[in-house]
Every structure is written in structure tokens, then in C-alpha cells.
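> output the structure for:
(one chain, ligands or ions: 2)
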Amino acid sequence: MTAPIIEIRDVNKKYDEGRPALADVDLEVNAGDALAVLGPSGSGKSTLLNMIAGLDRPSEGTVTVDGLRLDRQGEAALARYRRERIGMVFQFFNLLDDLTVEDNVLLPAQLAGRPRALARHRAAHLLERLGVARHARAFPGRLSGGERQRVAVARALMNRPRLLLADEPTGALDSASAAEVRELLAELNQEGQTIVLVTHDTALAASCATRTVELVDGRIARDVVRTVAE
Ligand SMILES: Nc1ncnc2c1ncn2[C@@H]1O[C@H](COP(=O)(O)OP(=O)(O)OP(=O)(O)O)[C@@H](O)[C@H]1O
Ligand SMILES: [Mg+2]
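Ligands and ions are numbered 1, 2, ... in the order given. I've put the predicted structure just below:
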């Protein structure tokens, strides 16, 4: 029995005197899972994802990812954790518009000090795999939303992260592009990539999640493991 890749224990997060953003959250995620976090606006989904990404800290409780106690790490260790162990995909892609598609994808490898030749090889492979190789030399502004999100996924996968995190990855896409991204995430999970995604898109959860948790007012209200493929 291997340890879960994510272990969240008794986590509370308070930003101010009002209702906590997260309350008494306990969550374990196993390697190979695709977890979808659902819930209404303001229910704490992004807060939870940011805890797992080491972008935010709990007010109380512990967050362990890949054996690392994130709540105990300093900023430099967290930055390194983000560079080396996780990949992130956002609603609005967060690509750098002044860099070519290829250079955007290379950036995480460069920041991690990976050898340039190997990185270029991997970037080419990923762009090919995600169907955007012909845009390698273009700037992101020329691509469609769906293509930009594929580039963002390629960038997130560059350093072979243990964990792929996505916050509303289909939130800014038309329905055809959203369907492509759903399919892509499902494929990556089937190949073994552990994924945690936050979404309002129930089709996304249905198509690629092996497990769904629902947050309401910062608490886990439902936790459903899918046992039968749909
Ligand atoms: N940096 C912050 N400072 C103060 N309050 C915050 C901060 N980040 C989040 N909150 C509050 O915490 C609660 C949860 O916010 P969060 O962004 O996690 O919700 P969400 O479920 O992702 O919502 P949405 O679906 O709208 O993205 C909200 O009440 C929000 O206002
Ligand atoms: Mg959010």
C-alpha cells in the first residue's frame, strides 16, 4: 500500500474574520487519480487547489504532497516544489505573449536548469503529442483558445510533474475546444498522470474524473468515487 500523493489533514483557511474559505478539510488523493473539485462560486475550490500548489498556506492543519510537508516549507522550497513536482493549467492560459509557443513550453525546463537540448526535444514531442506542433514558432496571440490551452498543458507537463493541477481549464473555451481539452485530460490520466482539477463544468468532471468531491462553504460535502466507466 503506497502513501497517497496528497494528504490534507484538518485544514482550515481563514482570510479574515468572516466564514473560513476552507473548514475542517480532510482529503487523500492517490497517485493515478483524476480528482474533480466541484462546488458553487466562493466555496473554496481555488483555495484548496492553491494549497496543493503551495501557492497559499493553511491557517491550521497539514498539507503533504509527494512526501513534502508544504505547510512547513519556506518560500524558496515551495518555489522549487512548484517548478519540479507540479504543473499548472489556468482558465486564461497564462502564456507569455512575447514568447513563441515553443519558448513558453521550454520555460519551466529553463527555470529548473534542465539541459537545453533535452528540453527542446521534449518540447517538440509534447507539442506534437498535443497537436500544436505547427504553431511552435508562432506567438500565442495568434492561436485559438483551445490551441492555447493545449500549449498551456504542454508547458505544465514539461518537467514531468507528479501532479497536474488545473483551475477551470475549460472555463474560457468554446464548446468544441472544451471537448478537446476534456478528452486530452482524460487521455493523460489514462496514461497514469495524476490530476486535480477545479471546475464548474460537470461534463469535464464526468468525462475525466475518477473521483469527484464537492465543496460547499469550504467543507467537503460529497465525495464520489467512480467505479463504472460511463
Ligand atoms: N486572497 C484572498 N483574500 C481574501 N479572501 C479570499 C482570498 N482568496 C479567496 N478568498 C475568499 O475565500 C472564499 C473562497 O474563495 P475561492 O476563490 O477558493 O472560491 P472558488 O470556489 O474558487 O470560487 P469560483 O468558482 O468563483 O472561482 C471566498 O469567500 C473568497 O472571497
Ligand atoms: Mg476559483
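> what comes into contact with stretch 80-88?
For stretch 80-88, contacts defined as C-beta atoms under 8 Å, 6 or more residues apart in numbering pick out 52-55, 65-66, 68, 70, 73, 108, 111-112, 155-159, 161-167. For glycine as for every other residue, the C-beta is placed from the backbone atoms N, C-alpha and C.
> what secondary structure does the residue most central in space within the chain sit in?
In the chain, the residue lying closest to the centroid (C-alpha atoms, centre = their mean) is Leu165, at 1.0 Å. Recorded secondary structure, Leu165: strand (DSSP: H, G, I helix; E, B strand; the rest coil).
> now intersect the contacts of stretch 80-88 with the strands, please.
Counting by DSSP state E, the part of the contacts of stretch 80-88 found in strands is 65, 68, 163-167.
> please identify, among the residues you listed, the one with the most neighbours.
Neighbour count (other C-beta atoms under 10 Å) singles out Ala166 as the most crowded of the ones in strands among the contacts of stretch 80-88, with 27 neighbours.
> just checking, what packs against the longest helix along the chain?
Counting by DSSP state H, the longest helix found in the chain is helix 175-190. Using 3 or more C-beta pairs under 8 Å, 6 or more residues apart in numbering; DSSP states H and E, the elements in contact with helix 175-190 are strand 34-38, helix 145-157, strand 163-167, strand 194-198, helix 202-208.
> contact partners of the longest one?
By that I understand helix 145-157. 87-90, 93-95, 101, 104-105, 107-108, 123, 126-127, 129-132, 135, 140, 143, 164, 169-170, 172-174, 176-178, 180-181, 184-185, 188, 193.
> could you identify the buried members of these?
Burial of these was assessed by neighbour count (16 or more other C-beta atoms under 10 Å); the buried members are 87-90, 93, 95, 101, 104-105, 107-108, 123, 126-127, 129-130, 132, 135, 140, 143, 164, 169-170, 172-173, 177-178, 180-181, 184-185, 188, 193.
> so which bits of this protein are right by ligand 1?
15, 21, 39, 41-47 (C-beta under 6 Å from any ligand atom).
> and those residues, which of them are in helices?
Checked against DSSP H, the residues of the chain next to ligand 1 include these in helices: 45-47.
> okay, the residues you listed in CSV with pLDDT and distance to Val216 next?
Formatted as CSV, those follow (pLDDT from 0 to 100; distance: C-beta to C-beta, whole Å):
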residue, pLDDT, distance to Val216
Lys45, 96, 11
Ser46, 96, 15
Thr47, 97, 13
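> can you turn the buried part of those into a PyMOL selection?
Listed next is the PyMOL selection for buried residues among those, using 16+ other C-beta under 10 Å:
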select buried, resi 45+46+47
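> in TSV: the ones in helices among the residues of the chain next to ligand 1, plus distance to Gln149.
TSV is the format used below for those (distance: C-beta to C-beta, whole Å):
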residue	distance to Gln149
Lys45	19
Ser46	18
Thr47	23
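> so where is the protein shaky, pLDDT-wise?
Scanning the chain for pLDDT under 70 picks out 1, 227-230.
> for the closest residue to Asp201 other than its chain neighbours, give me its contacts.
Counting by C-beta to C-beta, 6 or more residues apart in numbering, Asp201 lies nearest to Thr170, which is 5.0 Å off, once chain neighbours are set aside. Going by C-beta under 8 Å, 6+ apart, Thr170 touches 149, 177-178, 181-182, 199, 201, 204.
> pick out the most distant pair among those.
Maximum pairwise distance among these (C-beta to C-beta): 14.6 Å, between Ser177 and Thr199.
> for Arg150, see how far away Leu111 is.
Distance, Leu111 to Arg150, using C-beta to C-beta, to the nearest Å: 21 Å.
> then Val216?
33 Å.
> no further queries at this time; thank you.
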